[in-house]
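[1] got a sequence here, can you build the structure:
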Amino acid sequence: MTRGQLRIYLGAAPGVGKTYAMLQEAQRRAARGTDVVVAVVETHGRPHTAAMLDGLERVDLDAVPARKPELVVVDELAGHHRDVERLLAAGFDVLSTVNVQHLVSLTDVVRQITGVAPRETVPDAVVRGAEQVELVDMTPEALRRRLAHGNVYRPEEVDAALGNYFRTGNLTALRELALLWLADKVEDQLGRYRADNKIEATWETRERIVVALTGGAEGETLIRRAARIAARSRGADLLAVHVTRNDGLIGADPAQLARQRVLVEDLGGSYHQVAGADVPQALLDFARAVNATQIVLGASSRGRLAQLLSAGVGVTTTALSGTIDVHLVPHERAATGRRTRMPAALSRGRRIAGLVAVAAGLPALTGALKLGPGLSLTNDILVFLAAVVGIALIGGLWSALLAAVGGFLLLNWFFTPPFGRLAIAEGSNLLALAIFVVVALAVSWVVDTAARSTRRAAQAGADAQTLATVAGSVLRGERPLMALLERLRETFTLDAVILLSDGAVVASVGNASGPVGSEVKVDNDLIMLLYGRPLEASDRRIVEAFAAQAAVALRQERLAAEAAAAKPIAEADRMRTALLAAVSHDLRTPLASAKASVASLRSADVDFDDEDRAALLETADESLDRLHRLVSNLLDMSRLQAGALGVTLLAIGAEEVVPRALDDLGPQGRTVIAHIPDDLPVLHADPGLLERVLVNLLGNALRFSPPDRPPVITASALGPSVQIRVIDHGPGIPADRWDDVFLPFQRLGDRDNHIGVGLGLALSRGLTEAMGGTLVPEETPGGGLTMVLALPSGTMTAPSPR
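    Numbering: from 1, shown residues only. Next up, the predicted model:
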């Protein structure tokens, strides 16, 4: 039986129009004669969606096999993906919908963004396996307007939804998740299509620039050139790759590669390392695998003879690149093609032992053969060949070469007619001796090369283990620079390690009482001094890798120190701004009101009756009460600026503090609509300071709200915090002025009463931050301003939206 086809409508959030689009497709198919049935659909009371069901047959999900339609509509895949799988296996085509929040791979991310864990999920493989996935997209602003107009949820649910799951930031992040997930699926589909059709040519769907690094000094120039090329193309990717030999023995300078990796990542690129015996082919295989469009290589300055013997990596890569553009960049420090001098394969003692074996062993072997039973020349040659191999194993290449020459002379003198002369009478003996010399030399070279390779492999393994240990100790340490220097000192048994910046000591470990054993230049400003034994040449490369990482760690520590030093200054500036804002208006207004009332009462020019006198006294009393509150706020702000504010953080429920703030507002507070859930986690705040903040925010909202639309205060949990939102439907403030409302003198009363947000915002933000929270403005859908107060809390327990 042929499996049915699945078409899915993917959305970033509820209300974007997935079900409507699905039913629209069902209507189109039905109009073309397709037998369509609707098994599951959720309209959520949305009239436009319900209207799309007109004319479509409704059946139960269990009745679909007996009905045998051509196309089945099953809404909300997350709750019915097993039923959909059964329908597809039975040969039915299916239309379905899913929100990105329900994909299993994204549930943790969605929970971090929204604070809500989806109740139902669907495996990514089910959605990826669909023949078609269509994104139903809508901007966050448009979706919030749709929600505000009542086109998604019931009117009584709108304010809570806008203040919780449907925040602009949440919707933007969910939209990005949906776009990225669908882009990955499209990339997978493109890759499968290219593989199925055996397409190896590069398809320039996006500029991807690969820069090849050898670990040489020219690497930084190549990286910067590749970055400039990438910058010319919007959205281009920069990838750096280093190709190592399969045996891992011929490696680049790890310190250079470490610095170049940091540079690549600073420029927004990524670093990769691949292995391959053929460097040009490995480089091209990587470039084709990532669908690269351009390769940047360093031009070699090898001589003509070397180019005749070998074309080189650049020329070979260019010849085999096909449709990939190759840039050969010349550089004054380009690699010259000289081979790195290989280290000695054996220790000095073993080399001396090999020479002793030649001097004493060959004469002894000659005597034994002369005194023993007479053997043929062929057997004598084999015995001497075995001796040469043994000497090669003991003393290495030069001992074996000396043994081969000595063996040739001894065989010629003692065992080849005419005896006692360096002459050969028969041509066959000459051939045999010549073969002996060639074989002896070849075996000696192979044995020596194998010994060198073994030693270098052991050294590479030790270096890798050292670097792995360093990385672990640095990652686990609170001070990575000191941990790295201490690990360097321990690894190479040094007395002390000192890092200098422009001649000044920036970090040191150990006792630097003795002489400097070695000096390593990190960059133009940094020098590392190593006290104790001098470094061996084989250790210097790994030490330079330590030094490069030390430079990175120092930079990170300096940035952290600068940020820490700037924080108190920023806090002081913020407090000073709040004080100036309060003095400029908040004190002057109640003083002026109280003074005017008292002056009127004392005036002899006007005779006030009892009612007028009581009104003036009430005005003076209210003004002085207001002045008392403001002075208290100013004193607290002064203490906060001096670091002496008594902030007592307690576990308190929003349902406790909000009513008290409403009571402080008097009769106006009773007009505010409050939606405070009973199951909110407790928040951590100073009850008195929080009450003052809420009174200020609610007072501003009341001042600007129209009479028929009073302010709303809601509370909800978001991850590790509780958010209290004060929502008004007044004239609002342009988004580009949101930051200005917390600056000095941006207050109501001094200027036009129809702009700004009024009294207390600078104070409110300062008090909120003193409690470890944040206070930010948002736009109210449909017009107005929402102030979002976030404070630390416990765990979120709200259910997932439908």
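
[2] the stretch 551-700 of the chain: strands as residue ranges?
    For the stretch 551-700 of the chain, applying DSSP state E, counting those that start in this stretch gives strands covering 650-652, 673-675, 683-685.

[3] between those, which one is closest to Pro710.
    Pro710 sits nearest to strand 673-675 of all the strands of the stretch 551-700 of the chain, at 5.9 Å, using Cβ to Cβ. Any C-beta I mention is one placed from the backbone N, CA and C, and that applies to glycine too.

[4] comparing the strands of the stretch 551-700 of the chain, which comes out most buried?
    Each of those was assessed for mean neighbour count using mean count of other Cβ atoms under 10 Å. The highest is strand 683-685, with a mean of 25.

[5] can I get the strands of the stretch 551-700 of the chain in TSV with mean pLDDT and distance to Leu56?
    Converted to TSV, the strands of the stretch 551-700 of the chain look like this (pLDDT from 0 to 100; distance: least, Cβ to Cβ, whole Å):
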stretch	mean pLDDT	distance to Leu56
strand 650-652	90	53
strand 673-675	93	38
strand 683-685	90	49
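
[6] for His102, find the nearest of those strands.
    Nearest of the strands of the stretch 551-700 of the chain (Cβ to Cβ): strand 673-675, 26.6 Å.

[7] the closest one pairs with which strands, parallel or anti?
    According to DSSP bridges, strand 673-675 forms sheet pairs with strand 712-718 (parallel).

[8] next secondary structure element downstream of the partner strand?
    Scanning forward in sequence from strand 712-718 by DSSP states H and E, the next helix or strand is strand 721-727.

[9] got the angle for that next one vs strand 712-718?
    Per axes from the mean of the first three to the mean of the last three Cα atoms, to 10 degrees, the angle that strand 721-727 makes with strand 712-718 is 160 degrees.

[10] who does strand 721-727 touch, helix- and strand-wise?
    helix 155-163, helix 654-664, helix 687-704, strand 712-718, strand 785-792 (3 or more Cβ pairs under 8 Å, 6 or more residues apart in numbering; DSSP states H and E).

[11] kindly recompute the last result at 7 Å.
    On a contact count with 3 or more Cβ pairs under 7 Å, 6 or more residues apart in numbering; DSSP states H and E, strand 721-727 meets helix 155-163, helix 687-704, strand 712-718, strand 785-792.

[12] any chance you could list what contacts that strand?
    With contacts defined as Cβ atoms under 7 Å, 6 or more residues apart in numbering, strand 721-727 is touched by 159, 163, 654, 680-681, 683, 697-698, 701, 711-716, 780, 784, 786-793.

[13] hang on, the earlier thing: could you dump the strands of the stretch 551-700 of the chain into CSV and include distance to Val41?
    Formatted as CSV, the strands of the stretch 551-700 of the chain follow (distance: least, Cβ to Cβ, whole Å):
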stretch, distance to Val41
strand 650-652, 45
strand 673-675, 30
strand 683-685, 40
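
[14] give me the phi and psi for the residue located most distally from the centre of the chain.
    The centre of the chain is farthest from one residue, Pro418, which by Cα atoms, centre = their mean lies 80.8 Å away. Dihedral angles of Pro418 (phi, psi; degrees, to the nearest 10) stand at phi -80, psi 130.

[15] Arg7 touches Leu95, doesn't it?
    Yes. Contact criterion Cβ atoms under 7 Å: Arg7 and Leu95 qualify, at 5.3 Å.

[16] neighbour count for these two, which is higher?
    A direct count of neighbours by other Cβ atoms under 10 Å for Arg7 and Leu95 places Leu95 higher, at 25 against 17.

[17] which one of the strands of the stretch 551-700 of the chain lies closest to Ala400?
    Among the strands of the stretch 551-700 of the chain, the nearest to Ala400 by Cβ to Cβ is strand 683-685 (78.3 Å).

[18] looking at the chain, which helix or strand does the model trust least?
    Ranked by mean pLDDT, DSSP states H and E, the weakest helix or strand in the chain is helix 304-309, scoring a mean of 58.

[19] with just CA atoms, put stretch 785-795 into PDB.
    Output of stretch 785-795 as PDB, limited to C-alpha atoms (Å, rounded to 0.1, in the frame of the first residue of the first chain):
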ATOM      1  CA  LEU A 785       2.100  52.300  27.800                       C
ATOM      2  CA  THR A 786       2.900  49.200  29.900                       C
ATOM      3  CA  MET A 787       5.500  49.400  32.600                       C
ATOM      4  CA  VAL A 788       7.000  46.000  33.300                       C
ATOM      5  CA  LEU A 789       8.400  45.400  36.800                       C
ATOM      6  CA  ALA A 790      10.400  42.200  37.100                       C
ATOM      7  CA  LEU A 791      11.700  40.800  40.400                       C
ATOM      8  CA  PRO A 792      13.400  37.500  41.400                       C
ATOM      9  CA  SER A 793      11.100  34.700  42.400                       C
ATOM     10  CA  GLY A 794      10.600  31.000  42.600                       C
ATOM     11  CA  THR A 795       9.700  28.400  39.800                       C
END
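
[20] isn't Pro65 up against Ala90?
    Yes. The criterion here is Cβ under 7 Å, and Pro65 meets it with Ala90 at 6.1 Å.

[21] need the contact list for Thr221.
    So Thr221 contacts Val329, His331 (Cβ under 7 Å, 6+ apart).

[22] and His102, by the same measure?
    Contacts for His102 (Cβ under 7 Å, 6+ apart) come out as Ala78, Pro118, Glu120, Thr121, Val122.

[23] give me the neighbour count for the residue nearest to it when sequence neighbours are not counted.
    Computed as Cβ to Cβ, 6 or more residues apart in numbering, the closest residue to His102 that is not its neighbour in sequence is Ala78, at 3.8 Å. Number of residues near Ala78 (other Cβ under 10 Å) recorded here: 21.

[24] just Met528 next, same as before
    22.

[25] cool, and Ala178?
    By other Cβ under 10 Å, the residues close to Ala178 number 23.

[26] that one should be in a helix, yeah?
    Yes. The assignment for Ala178, made by DSSP: H, G, I helix; E, B strand; the rest coil, places it in a helix.

[27] quick check, pLDDT for it.
    On pLDDT, Ala178 comes in at 91.

[28] roughly how far does it sit from Gln132?
    The gap separating Ala178 from Gln132 is 16 Å, by Cβ to Cβ, to the nearest Å.

[29] with Phe286 instead?
    Distance from Phe286 to Gln132, by Cβ to Cβ: 32 Å.

[30] the more surrounded of the two?
    A direct count of neighbours by other Cβ under 10 Å for Phe286 and Gln132 places Phe286 higher, at 20 against 10.

[31] next, the contact list for that one, please.
    Neighbouring residues of Phe286 by Cβ under 7 Å, 6+ apart: Val210, Val241, His272, Val274.

[32] let's have those residues in JSON lines, adding pLDDT.
    Putting those into JSON lines (pLDDT from 0 to 100) gives the following:
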{"residue": "Val210", "pLDDT": "94"}
{"residue": "Val241", "pLDDT": "92"}
{"residue": "His272", "pLDDT": "88"}
{"residue": "Val274", "pLDDT": "82"}
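
[33] can you tell me which of those residues is nearest Ser705?
    Nearest to Ser705, judged by Cβ to Cβ, of the contacts of Phe286 is His272 at 57.5 Å.

[34] quick one: secondary structure of the closest one?
    Put simply, His272 is strand when judged by three-state DSSP.

[35] how far off centre is stretch 27-34?
    47 Å (Cα atoms, centre = their mean, to the nearest Å).

[36] list the buried ones in it?
    By 16 or more other Cβ atoms under 10 Å, the buried positions in stretch 27-34 come out as Gln27, Arg29, Ala30.

[37] please tell me how far Thr293 sits from Ala504.
    47 Å.

[38] correction: Thr449
    48 Å.

[39] what is the burial count for Gly732?
    The number of residues packed near Gly732 is 18, by other Cβ under 10 Å.

[40] model confidence for it, exactly?
    What the model reports as pLDDT for Gly732 is 86.

[41] make sure it is actually in contact with Gly784.
    Yes. At 5.0 Å, Gly732 counts as touching Gly784 under the criterion of Cβ under 7 Å.
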